[in-house]
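Chemist: no FASTA, just this:
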(Lines give C-alpha, C1' and ligand atoms only; values in the text may rest on other atoms or scores of the structure.)
Protein backbone atom coordinates (compact mmCIF):
# COMPACT_ATOMS: atom_id res chain seq x y z
CA UNK A 1 0.00 0.00 0.00
CA UNK A 2 1.30 3.44 -0.91
CA UNK A 3 2.47 5.37 2.14
CA UNK A 4 0.31 8.32 1.13
CA UNK A 5 -2.81 6.27 1.93
CA UNK A 6 -1.60 5.41 5.44
CA UNK A 7 -0.36 8.95 6.01
CA UNK A 8 -3.80 10.26 5.01
CA UNK A 9 -5.47 8.00 7.58
CA UNK A 10 -2.98 9.19 10.22
CA UNK A 11 -3.60 12.86 9.41
CA UNK A 12 -7.37 12.35 9.34
CA UNK A 13 -7.41 10.82 12.83
CA UNK A 14 -4.92 13.31 14.31
CA UNK A 15 -6.53 16.38 12.71
CA UNK A 16 -10.12 15.34 13.45
CA UNK A 17 -9.81 13.68 16.85
CA UNK A 18 -6.46 14.98 18.13
CA UNK A 19 -2.93 13.64 18.53
CA UNK A 20 -3.88 11.55 21.63
CA UNK A 21 -6.45 9.67 19.53
CA UNK A 22 -3.80 8.87 16.92
CA UNK A 23 -1.43 7.68 19.67
CA UNK A 24 -4.22 5.44 20.98
CA UNK A 25 -4.64 3.96 17.47
CA UNK A 26 -0.88 3.38 17.29
CA UNK A 27 -0.98 1.57 20.65
CA UNK A 28 -4.11 -0.43 19.83
CA UNK A 29 -2.72 -1.61 16.48
CA UNK A 30 0.74 -2.40 17.89
CA UNK A 31 2.55 -0.23 15.36
CA UNK A 32 6.29 -0.06 16.08
CA UNK A 33 6.29 3.60 14.95
CA UNK A 34 3.82 6.48 15.10
CA UNK A 35 4.44 8.34 11.86
CA UNK A 36 3.90 7.07 8.31
CA UNK A 37 6.23 8.12 5.49
CA UNK A 38 4.13 9.30 2.51
CA UNK A 39 6.63 7.94 -0.02
CA UNK A 40 7.34 4.54 1.52
CA UNK A 41 5.33 1.43 0.56
CA UNK A 42 3.62 -0.53 3.36
CA UNK A 43 1.98 -3.93 3.52
CA UNK A 44 -1.75 -3.65 2.76
CA UNK A 45 -2.50 -5.69 5.90
CA UNK A 46 -1.06 -2.83 7.96
CA UNK A 47 -3.59 -0.44 6.41
CA UNK A 48 -6.42 -2.77 7.38
CA UNK A 49 -5.01 -2.99 10.89
CA UNK A 50 -4.93 0.78 11.44
CA UNK A 51 -8.44 1.15 10.02
CA UNK A 52 -9.73 -1.54 12.40
CA UNK A 53 -7.89 0.07 15.32
CA UNK A 54 -9.20 3.51 14.36
CA UNK A 55 -12.75 2.19 14.34
CA UNK A 56 -12.26 0.54 17.75
CA UNK A 57 -10.48 3.47 19.41
CA UNK A 58 -12.93 6.05 18.07
CA UNK A 59 -15.87 3.76 18.84
CA UNK A 60 -17.19 4.42 15.36
CA UNK A 61 -18.43 1.89 12.80
CA UNK A 62 -15.78 1.15 10.19
CA UNK A 63 -17.94 2.36 7.26
CA UNK A 64 -18.79 5.64 9.01
CA UNK A 65 -15.14 6.29 9.86
CA UNK A 66 -14.06 5.58 6.28
CA UNK A 67 -16.78 7.84 4.88
CA UNK A 68 -15.55 10.60 7.21
CA UNK A 69 -12.03 9.96 5.88
CA UNK A 70 -13.31 10.49 2.33
CA UNK A 71 -14.95 13.76 3.35
CA UNK A 72 -11.73 14.86 5.07
CA UNK A 73 -9.72 14.23 1.88
CA UNK A 74 -11.82 16.85 0.06
CA UNK A 75 -12.63 19.37 2.78
CA UNK A 76 -9.50 19.67 4.93
CA UNK A 77 -7.32 22.60 3.79
CA UNK A 78 -4.16 20.48 4.14
CA UNK A 79 -5.59 18.13 1.49
CA UNK A 80 -6.36 20.83 -1.07
CA UNK A 81 -4.37 18.97 -3.76
CA UNK A 82 -6.94 16.14 -3.63
CA UNK A 83 -9.81 18.60 -4.07
CA UNK A 84 -8.00 20.24 -6.99
CA UNK A 85 -7.41 16.88 -8.69
CA UNK A 86 -11.11 16.08 -8.34
CA UNK A 87 -12.36 19.51 -9.47
CA UNK A 88 -10.37 19.21 -12.71
CA UNK A 89 -12.94 16.56 -13.66
CA UNK A 90 -15.65 19.02 -14.68
CA UNK A 91 -17.48 22.24 -14.07
CA UNK A 92 -20.63 20.54 -12.70
CA UNK A 93 -21.19 17.62 -10.36
CA UNK A 94 -22.60 15.49 -13.19
CA UNK A 95 -19.52 16.23 -15.35
CA UNK A 96 -17.41 15.26 -12.34
CA UNK A 97 -19.29 11.95 -12.05
CA UNK A 98 -18.94 11.23 -15.76
CA UNK A 99 -15.14 11.63 -15.50
CA UNK A 100 -14.68 9.46 -12.40
CA UNK A 101 -13.59 6.36 -14.32
CA UNK A 102 -10.49 8.28 -15.46
CA UNK A 103 -9.54 9.35 -11.93
CA UNK A 104 -7.18 6.43 -11.13
CA UNK A 105 -5.22 7.05 -14.35
CA UNK A 106 -5.01 10.80 -13.70
CA UNK A 107 -3.79 10.19 -10.14
CA UNK A 108 -1.12 7.81 -11.46
CA UNK A 109 0.26 10.63 -13.63
CA UNK A 110 1.36 12.31 -10.40
CA UNK A 111 2.04 9.14 -8.37
CA UNK A 112 2.74 6.17 -10.69
CA UNK A 113 2.74 3.59 -7.88
CA UNK A 114 -0.55 4.76 -6.31
CA UNK A 115 -3.12 1.99 -6.59
CA UNK A 116 -6.63 3.51 -6.46
CA UNK A 117 -9.84 1.49 -6.67
CA UNK A 118 -11.30 0.70 -10.08
CA UNK A 119 -14.33 2.91 -10.73
CA UNK A 120 -17.14 2.10 -13.15
CA UNK A 121 -20.05 4.51 -13.59
CA UNK A 122 -23.40 3.75 -15.19
CA UNK A 123 -26.21 6.24 -15.76
CA UNK A 124 -29.39 4.38 -14.84
CA UNK A 125 -31.92 7.19 -15.30
CA UNK A 126 -32.07 10.92 -16.05
CA UNK A 127 -30.92 11.74 -12.52
CA UNK A 128 -29.67 8.35 -11.32
CA UNK A 129 -26.20 6.81 -11.40
CA UNK A 130 -24.51 3.69 -10.09
CA UNK A 131 -20.82 3.79 -9.26
CA UNK A 132 -19.11 0.43 -8.82
CA UNK A 133 -15.99 0.65 -6.67
CA UNK A 134 -13.65 -2.35 -6.85
CA UNK A 135 -10.63 -2.71 -4.60
CA UNK A 136 -8.85 -5.46 -2.70
CA UNK A 137 -8.87 -3.07 0.29
CA UNK A 138 -12.24 -3.39 2.06
CA UNK A 139 -14.07 -0.11 2.65
CA UNK A 140 -13.07 1.69 -0.55
CA UNK A 141 -16.75 2.28 -1.34
CA UNK A 142 -17.25 4.05 1.99
CA UNK A 143 -14.25 6.32 1.37
CA UNK A 144 -15.59 7.09 -2.11
CA UNK A 145 -19.04 7.88 -0.66
CA UNK A 146 -17.44 10.46 1.64
CA UNK A 147 -15.57 11.95 -1.29
CA UNK A 148 -18.77 12.09 -3.35
CA UNK A 149 -20.77 13.75 -0.54
CA UNK A 150 -18.06 16.37 -0.08
CA UNK A 151 -17.79 16.97 -3.82
CA UNK A 152 -21.57 17.35 -4.14
CA UNK A 153 -21.36 20.08 -1.48
CA UNK A 154 -18.34 21.57 -3.24
CA UNK A 155 -20.34 21.87 -6.48
CA UNK A 156 -23.53 22.95 -4.66
CA UNK A 157 -25.48 19.90 -5.85
CA UNK A 158 -28.28 18.18 -3.93
CA UNK A 159 -27.46 14.48 -4.13
CA UNK A 160 -28.82 11.45 -2.29
CA UNK A 161 -26.72 8.30 -2.14
CA UNK A 162 -26.62 4.83 -0.70
CA UNK A 163 -23.65 2.46 -0.46
CA UNK A 164 -24.29 -1.24 -0.95
CA UNK A 165 -21.76 -4.04 -0.61
CA UNK A 166 -21.92 -6.26 -3.70
CA UNK A 167 -19.39 -8.76 -2.43
CA UNK A 168 -15.75 -9.03 -1.38
CA UNK A 169 -13.86 -6.12 -2.89
CA UNK A 170 -16.84 -4.46 -4.57
CA UNK A 171 -19.32 -1.80 -3.48
CA UNK A 172 -22.02 -0.03 -5.46
CA UNK A 173 -22.95 3.56 -4.71
CA UNK A 174 -26.43 4.54 -5.91
CA UNK A 175 -26.64 8.30 -6.56
CA UNK A 176 -29.60 10.49 -7.37
CA UNK A 177 -28.78 14.05 -8.41
CA UNK A 178 -31.95 15.90 -7.42
CA UNK A 179 -30.67 19.39 -8.20
CA UNK A 180 -27.25 20.06 -9.76
CA UNK A 181 -27.33 23.73 -8.72
CA UNK A 182 -29.15 23.52 -5.40
CA UNK A 183 -26.75 25.88 -3.59
CA UNK A 184 -23.76 28.02 -4.38
CA UNK A 185 -20.68 25.82 -4.68
CA UNK A 186 -17.24 26.59 -3.35
CA UNK A 187 -15.08 28.82 -5.53
CA UNK A 188 -12.60 27.04 -7.79
CA UNK A 189 -10.19 28.36 -10.40
CA UNK A 190 -8.04 26.22 -12.69
CA UNK A 191 -5.14 28.60 -12.13
CA UNK A 192 -5.19 27.98 -8.37
CA UNK A 193 -6.12 30.22 -5.49
CA UNK A 194 -9.57 29.22 -4.24
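Modeler: In hand now; what should we look at? No experiment lies behind these values; they were computed from the predicted model shown.

Chemist: which residues touch the least confident helix or strand in the chain by mean pLDDT?
Modeler: Lowest by mean pLDDT, DSSP states H and E among the helices and strands of the chain is helix 103-110, with a mean of 82. Around helix 103-110, the neighbours that count as contacts under Cβ atoms under 8 Å, 6 or more residues apart in numbering are 85, 86, 88, 89, 114, 116, 117, 118, 119. The C-beta positions use only the backbone N, C-alpha and C, and glycine is treated the same way.

Chemist: and residue 138, how far from residue 169?
Modeler: Distance check for residue 138 against residue 169: by Cβ to Cβ, to the nearest Å, it reads 7 Å.

Chemist: what do you get for residue 26?
Modeler: With Cβ to Cβ as the criterion, residue 26 and residue 169 are 27 Å apart.

Chemist: how about stretch 24-35, which residues are buried there?
Modeler: Buried positions in stretch 24-35, judged by neighbour count with 16 or more other Cβ atoms under 10 Å: 24, 25, 26, 28, 29, 31.

Chemist: contact partners for the second one?
Modeler: Remark: with contacts taken as Cβ under 8 Å, 6+ apart, residue 25 is in contact with 13, 50, 53, 54, 57.

Chemist: go again with 10 Å.
Modeler: With contacts defined as Cβ atoms under 10 Å, 6 or more residues apart in numbering, residue 25 is in contact with 9-10, 13-14, 17, 31, 34, 49-58.

Chemist: quick one: residue 42 and residue 113 touch, right?
Modeler: No. Judged on Cβ atoms under 10 Å, residue 42 makes no contact with residue 113 at a distance of 12.0 Å.

Chemist: these two: which is more packed in?
Modeler: Set side by side, residue 42 and residue 113 show unequal neighbour counts under other Cβ atoms under 10 Å, the larger going to residue 42 at 16 against 10.
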